[in-house]
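Visitor: got a predicted structure plus its sequence, pasted below:
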Amino acid sequence: MIEREKLLVELESLSEEKFRIFNEKIVHTSKYRVIGVRMPDLKAIAKKHRADYKEIFEMPYDSFEEIIIKGAAVGFADAPLCEKEPYIIRYAEMIDNWAECDCFCSCIKVKKSEADDLLRLAEGLMYRKEEFVSRVGTVLMFSKFSDEPTVRKALAIYDRLPSGEYYRDMAVAWGISVYCVKYPQLIAEYLEHSPISVAVKLAAAQKESAAKLEKMQFDHILEGKLSERKPRNAVAVKALLNMDGLKLAGNEIVGLTEQLDKIAKENDFLFERSEPVPKYMGPTGGGSGGQADDSAARAVMGLPPLTK
């Protein structure tokens, strides 16, 4: 169990003054000071101490970063959802800005067998009157569930939520834009008939356009990186990529190099060889040819060697 004094020392050692000033401007927390530690570092601290999430949650705090760690530790904890649920609700009730909400939702991990319970929890939070509690439920639902019945349920809830609170409205717009990628026709029909405000519809359209542009950029960079590897079959290589493990960051795709290296190592026949391929001569003089000849032929055709 980490002591708060040691945690604060670690946070101060990771702080960056320029980032602190920047974060203060975009986070808009009204209650707590901002130390200036980047989110990956905060998540790493939370993951390291996730076994002690209950104790961390009860620790006193006076900074934005400590609140992030509390929520992330709950989300990462290897505990059943029924045990974490009271802490999820309490955390949703204590936050006061979008960053705490969205980071928290991204950290929540549950087993497949707990999906129905998480959906029930998210739906209950969506209906809460508090702006950020409702936002937590909204972000949880669209970030964890993408099947059509749940999407239709979410859209029906959107129609019942009160409008006029900015961060809840923007979460609804965000959800609509996410659903639009997979269900464009459904969302088009929904926006035509939904009673949600014009402001939310416009925000959803803007987010949808941004998402499409980002996807186009992602696809362009991916095609370029694949081309550099000279695949024999780009479609086959793409099918082996874990797209959920890739993230666009500027003009790079984080995680792509590592995945392509692994695919090339395990399936080298999918890529053109950089070294000369042995010329296949075939058997001569009545010999059987042997396995060496077969290996050369398979190399020419881009096939993996036979195993004994």
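Guide: Yes, it's here.

Visitor: look at K129 and give its secondary structure.
Guide: For K129, the assignment made with DSSP: H, G, I helix; E, B strand; the rest coil gives coil.

Visitor: what does the pLDDT read for it?
Guide: As predicted, K129 sits at a pLDDT of 94.

Visitor: with G224 instead?
Guide: 89.

Visitor: that one sits in which helix or strand?
Guide: helix 198-228 (DSSP states H and E).

Visitor: using the record's assignment, carve the protein into domains.
Guide: 1-109, 128-213, 278-308 (automatic domain parsing).

Visitor: per-residue confidence averaged over the last one?
Guide: In this model, domain 278-308 carries a mean pLDDT of 54.

Visitor: swap in the longest one?
Guide: Within the predicted structure, the mean pLDDT of domain 1-109 is 93.

Visitor: A264 looks like it's in a helix, true?
Guide: Yes: counting by three-state DSSP, A264 is located in a helix.

Visitor: my read: it touches F271, true?
Guide: Yes: if you go by CB atoms under 8 Å, A264 and F271 touch, sitting 5.5 Å apart. Every residue, glycine included, has its C-beta placed from N, CA and C.

Visitor: which residues are common contacts for the two?
Guide: Here A264 and F271 share the contacting residues R229, scored by CB atoms under 8 Å, 6 or more residues apart in numbering.

Visitor: burial check on E272, number of neighbours?
Guide: 11 (other CB atoms under 10 Å).

Visitor: err, K265, not the other one
Guide: With other CB under 10 Å as criterion, K265 counts 8.

Visitor: quick check: the gap between it and D244.
Guide: 21 Å (CB to CB, to the nearest Å).

Visitor: one more: E93?
Guide: Counting by CB to CB - E93 and D244 are separated by 30 Å.

Visitor: more neighbours: those two, which one.
Guide: Counting neighbours by other CB under 10 Å for E93 and for D244 shows that E93 has the greater number, 13 against 7.

Visitor: this structure: strands as residue ranges?
Guide: 247-249, 252-254 (DSSP state E).

Visitor: ranking those by mean pLDDT, which is last?
Guide: Minimum mean pLDDT among those: strand 247-249, a mean of 84.

Visitor: so what are the sheet partners of that strand and their directions?
Guide: In the sheet, strand 247-249 lines up against strand 252-254 (antiparallel) (DSSP bridges).

Visitor: flag every buried residue along the partner strand.
Guide: The neighbour-count check on strand 252-254 (16 or more other CB atoms under 10 Å) flags I253 as buried.

Visitor: do the same with stretch 230-244
Guide: In stretch 230-244, counting by 16+ other CB under 10 Å, buried: P231, V237, L241.

Visitor: give me the subset of these lying in helices.
Guide: V237 (DSSP state H).

Visitor: and of the buried residues of stretch 230-244, the nearest to S143?
Guide: Of all those, S143 sits closest to L241, with 21.0 Å by CB to CB.

Visitor: these two touch, right, that closest one and N267?
Guide: No: assessed by CB under 8 Å, L241 is found out of contact with N267, at 11.9 Å.

Visitor: can I get the strands of the chain in CSV with distance to R160?
Guide: Below are those laid out as CSV (distance: least, CB to CB, whole Å):
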stretch, distance to R160
strand 247-249, 33
strand 252-254, 38
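
Visitor: which of those sits closest to C82?
Guide: strand 247-249 (31.3 Å).

Visitor: neighbouring contacts of the closest one?
Guide: With CB under 8 Å, 6+ apart as the test, strand 247-249 has contacts from E214, Q217, F218, I221, I253, V254, G255.

Visitor: buried subset of these?
Guide: Looks like the contacts of strand 247-249 have F218, I221, I253, G255 buried, using 16+ other CB under 10 Å.
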